[in-house]
Every structure is written in C-alpha cells, then in structure tokens.
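>>> Mind looking at a prediction? Sequence and model below.
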Amino acid sequence: MSFLDSLHWRYATKKFNETKVPANALAHVLESVRFAPSSFGIQPYHVVVVEDAALKEQINKHTFWDQQQIATCSHLLVFCVDIDLAERAREYVTLATAAGRTDVTSDPDFDYAVEAAAFGNKMGPEWAAKQAYLALGFALAACAELRIDSCPMEAAHLEKIKGLLDLPTRYEPKVLLPIGYRSPEDAHASDAKVRFDESGLFSTAA
Ligand SMILES: Cc1cc2nc3c(=O)[nH]c(=O)nc-3n(C[C@H](O)[C@H](O)[C@H](O)COP(=O)(O)O)c2cc1C
C-alpha cells in the first residue's frame, strides 16, 4: 500500500470499536512523533498517552458536542506544547552534546540554546504549537500506514483536560488524537472525501 492509499483509507473516526491497539503498533506511532522534524530540532512538545478507561471517560466529558471518540478509543494521545522554550532548548543542547553534534555545540559566536529559545519567542506564542501539529501529522500518517483509525481533535476544553492529567505547568495540551479501530456503527467511514481540487489549492508563480 502506498502513502496515498493510506491517506485515502483514513478518515476522522467518530466512534471506535473495543479492539486495543497493540503495544508494538502504538510504539511505531510514537516513534513517528519522535522523528518528526521541528524548528531548531528542540521538539517543544510532549505527548501524554492515556489508556485508562475511566480517565478517558472523564476527558471525554470535556469535549464539545457530546463527541464519543475519546470514550471509545483504544488510546488517547494528548499533544501538549512545552512553553518552557529556554529549558527545552538547553535540554536539546545537552542531547546534541552527547551525540557529538559539534555544529550545535561548538560555535563560540552562537549559543544554540539561547538562539533557539529567542527564535521561538520571536515567532510568537503559537510557535511551539506549530511544531506539535507537525508531529501530529506524522502520527496521523503512521496510524494510517498501520490501518489504525484516528481523529485529530481540538474541540475540547483543553484547560480542563490539563487539570485532569495533572500536568506540569510547562505542558499545555493543544490537540488530541484518539486512536483505535473504527466501529461498524460509525457511518462516517463511508462519507465522501471533500477536498479542493488542484486549482483550489495550488498555483505556480511565473
Ligand atoms: C487540527 C484538527 C482538529 C480537528 N478537530 C476535530 C474535532 O474536534 N472533532 C472531529 O470530529 N473532527 C475534528 N477534526 C477532523 C476534521 O474535521 C477532518 O479531518 C476533516 O473534516 C477532513 O475529513 P477526513 O479527515 O475524514 O478526511 C479535526 C482535524 C484537525 C486537523
């Protein structure tokens, strides 16, 4: 199956069946998050995996419109941004040092950690979220590759979910990804895909 076959197969699943995503498949999805690119490489995000049924039920209560994805999914991935950019950048430099990345660590005129955090702050508060959404995209694609269903979700009271997860201050939930396997009761599986055609999305510059 090609990448495009996988994209045609997937859809934003509204209800999952009771089948659990196996541990090795979940690890594959998380590895795709880990290897997503990010600006300066600092990965200013953190993903919380929720499997506990009672906790998923509680989180589900904080979604809009009585959506059932989180209550029924196998695992919920909560994509948080790390708002402590300075600390995250320092942690990255520590890693890069251990990996022998002298391009990151050895320029006396360019303090990588300071510059990365300064760049992120200059780009604005949504900068870390942009990186997290890119990682979300990789997770979505990895799920489709493995024929795991998923539904990216923003329609939730994220501050309430932060409280339920008892997250450190530096982590702010931004977007949710319930994953699992589609329920036969989910009629949306057969919805026609609605996408702008090429002329509605692409143009060429002279
Ligand atoms: C960032 C993001 C947030 C979304 N939030 C929700 C949501 O809260 N609930 C939902 O049912 N679908 C949500 N969706 C799914 C979109 O509605 C869906 O991807 C889009 O309509 C295209 O349909 P398809 O994914 O089935 O091809 C979200 C998608 C994205 C990318």
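That came through, no problem.
>>> center of the chain - which residue?
residue 136 (2.8 Å; CA atoms, centre = their mean).
>>> tell me the phi and psi of it?
Taking degrees, to the nearest 10, you get phi -60, psi -40 for the backbone angles of residue 136.
>>> Now do the same contact list for it.
Residues near residue 136 by CB atoms under 8 Å, 6 or more residues apart in numbering: 79, 152, 175, 177. In short, each C-beta sits where N, CA and C put it, glycine included.
>>> Which of these fall within strands?
For the contacts of residue 136, the ones inside strands are 79, 175, 177, with DSSP state E as the criterion.
>>> The residues you listed also near the ligand: which ones?
residue 175 (CB under 6 Å from any ligand atom).
>>> so where do the strands sit in this structure?
Along the chain, the segments classed as strands by DSSP E run 45-50, 75-82, 149-150, 171-180.
>>> Pick the most deeply packed of those.
Among those, strand 149-150 has the highest mean neighbour count (mean count of other CB atoms under 10 Å), at a mean of 28.
>>> for it, packing partners?
helix 127-145, strand 171-180 (3 or more CB pairs under 8 Å, 6 or more residues apart in numbering; DSSP states H and E).
>>> now do 6 Å
Packing contacts for strand 149-150, counted by 3 or more CB pairs under 6 Å, 6 or more residues apart in numbering; DSSP states H and E, involve strand 171-180.
>>> quick one: contacts of the helix or strand bottoming out on mean pLDDT in the chain?
Least confident element among the helices and strands of the chain, by mean pLDDT, DSSP states H and E: helix 102-105 (a mean of 90). Residues outside helix 102-105 that contact it (CB atoms under 6 Å, 6 or more residues apart in numbering): 96, 97, 112.
>>> Could you check how far the closest residue to the first one other than its chain neighbours is from residue 120?
By that I understand residue 96. Sequence neighbours aside, residue 104 is the residue nearest to residue 96 in space, at 3.9 Å (criterion: CB to CB, 6 or more residues apart in numbering). Residue 104 is 16 Å from residue 120, where distance means CB to CB, to the nearest Å.
>>> Looking at those two, which has the bigger crowd around it?
Counted by other CB atoms under 10 Å, residue 104 and residue 120 do not tie: residue 120 has more neighbours, with 24 against 19.
>>> could you list every residue that touches that one?
85, 127.
>>> Return the closest of the ones in strands among the contacts of residue 136 with respect to the ligand.
Taking CB to the nearest ligand atom as the measure, residue 175 is the one of the ones in strands among the contacts of residue 136 closest to the ligand, at 5.5 Å.
>>> For the closest one, give the beta-bridge partners.
Residue 175 has these beta-bridge partners by DSSP bridges: residue 79.
>>> these two touch, right, it and residue 80?
No. Residue 175 is beyond contact range of residue 80, at 9.0 Å (criterion: CB atoms under 6 Å).
>>> Which residues are in contact with residue 154?
Shown here is residue 154, whose contacts under the criterion CB under 6 Å, 6+ apart are residue 175.
>>> Oops, could you answer that again for residue 6 instead?
144, 145.
>>> Okay, it and residue 149: tell me how far apart.
Distance from residue 6 to residue 149, by CB to CB: 12 Å.
>>> Ok, residue 57 next?
Taking CB to CB, one finds residue 57 at 19 Å from residue 149.
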